[in-house]
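Asks: coordinates only, sequence not included:
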């Protein structure tokens, strides 16, 4: 009886894994074909590139000159200095003499009823000169000079409300960095695939574009001021739909961020992200959770079957299904990585497919139950 129940669970989980990996995630990995649009608009709409920064002196030293090099004729750089105690203010004053299109807003305090980054971001958007807002973080740099042109094109030229881009992380050879690379690609694989299936549910604030007028019309973050995270994914989750959102998939459109260097700082970041995730729409939580649950059930029931079975043929068959599923997962990650970053070296995904499963359930549960998270 136990063997039959485990077998049914294993085959059900395997079916859901194939549906997700091939049919849903395969939309990005296998079936998406980039279309190069004509971006040479004779009179392009002006853009505000907006960054919220707290104690980001060193990162801003690198970022502002890079943003100033963007191949875009009309833009302003807006940096919101959120209560920095380092040399950020002095640096911005110095850079405003060098870059005439650089503007700053200084936040000296945060009201008690709101969270810091959302308040700073709202102030920056309110005073932005232009209606097209392109967001990134202080520790990011664009991958190319065409970043602004590519990321804003759906909003400027296609009348979209949201343009969702990909945010990569710099690579090194540490175990933590490999985990970060895996999690970043996997998360992007999920939200880009569902976005391509006309069911967008999240974005990352380090590479996101929308209109100021829409933001103000919806009264900013009125329904989730109290949540520390969510200035990107919750805002998109609440308002993105099949007709107003476009996914920007081009290696020249990505940003590259500095990764966390310690597990403690990475855990704080992931705890904040998971905590915001519990406020997603029910259907969105279901479609994310169903893959995670079937993934867990696939490995747990399969290993349990191999433990209780005494038939070498059954054990070999289960092992073969493990191998087939792992091969498909590898192909999905390889295809997604190529579309997003233009790279294909993803052998580490075979190992982290199982490692991240445990990390996801432990940190996801802690983040979901936690009431104490912080931004910086």
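Replies: Looks like it came in fine. Every value quoted in this text rests on a predicted model; they were computed, and no experiment measured them.

Asks: roughly how far out does the helix ranked longest in the chain sit from the chain middle?
Replies: Secondary structure of the chain per DSSP state H: the longest helix is helix 312-341. Relative to its parent chain, helix 312-341 has a centroid offset of 24 Å by Cα atoms, centre = their mean, to the nearest Å.

Asks: Equivalent analysis for stretch 146-162, please.
Replies: Chain-centre distance of stretch 146-162: 18 Å, with Cα atoms, centre = their mean.

Asks: which SS class is the residue most central in space within the chain?
Replies: Compute the mean C-alpha point of the chain, and by Cα atoms, centre = their mean the closest residue is residue 204, 3.8 Å away. Per DSSP: H, G, I helix; E, B strand; the rest coil, the secondary structure class of residue 204 is coil.

Asks: quick revisit: list the buried residues in the longest helix of the chain.
Replies: Residues of helix 312-341 classed as buried: 318, 321-322, 325, 328-329, 331-337, 339-341 (neighbour count, 16 or more other Cβ atoms under 10 Å). To be clear about C-beta, it is placed using only N, CA and C from the backbone, and glycine gets the same treatment.

Asks: Which of those sits closest to residue 265?
Replies: Nearest to residue 265 out of the buried residues of helix 312-341 is residue 341 (Cβ to Cβ; 23.2 Å).

Asks: Could you list the domains of the chain?
Replies: 2-29+283-369, 45-279 (automatic domain parsing).

Asks: Residue 35 is nearest to which of the ones you listed?
Replies: Judging the domains of the chain by Cβ to Cβ, what sits closest to residue 35 is domain 45-279, at 9.9 Å.

Asks: by contact count, what packs against the one helix or strand residue 286 maps to?
Replies: If you go by DSSP states H and E, residue 286 is part of helix 282-308. The contact analysis (3 or more Cβ pairs under 8 Å, 6 or more residues apart in numbering; DSSP states H and E) places helix 282-308 against helix 2-18, helix 175-196, helix 312-341, helix 348-369.

Asks: could you dump those helices to a markdown table with distance to residue 47?
Replies: Listed next are the helices and strands packed on helix 282-308 as a markdown table, based on distance: least, Cβ to Cβ, whole Å:
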| stretch | distance to residue 47 |
| --- | --- |
| helix 2-18 | 41 |
| helix 175-196 | 22 |
| helix 312-341 | 23 |
| helix 348-369 | 34 |
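
Asks: Going by mean pLDDT, which of these comes out lowest?
Replies: Of all the helices and strands packed on helix 282-308, mean pLDDT reaches its minimum on helix 348-369 (a mean of 69).

Asks: on that earlier part again, most neighbours per residue, which of the domains of the chain?
Replies: domain 45-279 (a mean of 19; mean count of other Cβ atoms under 10 Å).

Asks: re earlier: can you tell which of the helices and strands packed on helix 282-308 is closest to residue 268?
Replies: helix 348-369 (10.0 Å).

Asks: hmm, back to that, for the domains of the chain, which has the smallest mean pLDDT value?
Replies: When I compare the domains of the chain, domain 2-29+283-369 is least confident, with a mean of 87.

Asks: residue contacts, residue 163?
Replies: Going by Cβ atoms under 8 Å, 6 or more residues apart in numbering, residue 163 touches 151, 152, 153, 154, 155, 208, 209, 210, 245, 246, 248.

Asks: So for the fourth one, what's the nearest residue that isn't a sequence neighbour?
Replies: Once its chain neighbours are removed from consideration, residue 154 has its nearest residue in residue 246; the separation is 3.5 Å (Cβ to Cβ, 6 or more residues apart in numbering).

Asks: show me the contacts for the one you found.
Replies: Taking Cβ under 8 Å, 6+ apart as the criterion, residue 246 is in contact with 154, 158, 160, 162, 163, 164.

Asks: quick one: secondary structure of it?
Replies: Here residue 246 is recorded as strand under three-state DSSP.

Asks: cool, residue 104 as well?
Replies: strand.

Asks: Now residue 172. Nearest residue, chain neighbours left out?
Replies: Nearest non-adjacent residue to residue 172, counting by Cβ to Cβ, 6+ apart: residue 259, 7.7 Å away.

Asks: Same check on residue 353?
Replies: residue 329 (5.6 Å).

Asks: Could you report the distance from the one you found to residue 300?
Replies: 17 Å (Cβ to Cβ, to the nearest Å).

Asks: the helices in the stretch 1-150 of the chain, which residues?
Replies: Using DSSP state H, counting those that start in this stretch, the helices of the stretch 1-150 of the chain run over residues 2-18, 26, 57-68, 88-98, 116-127, 147-157.
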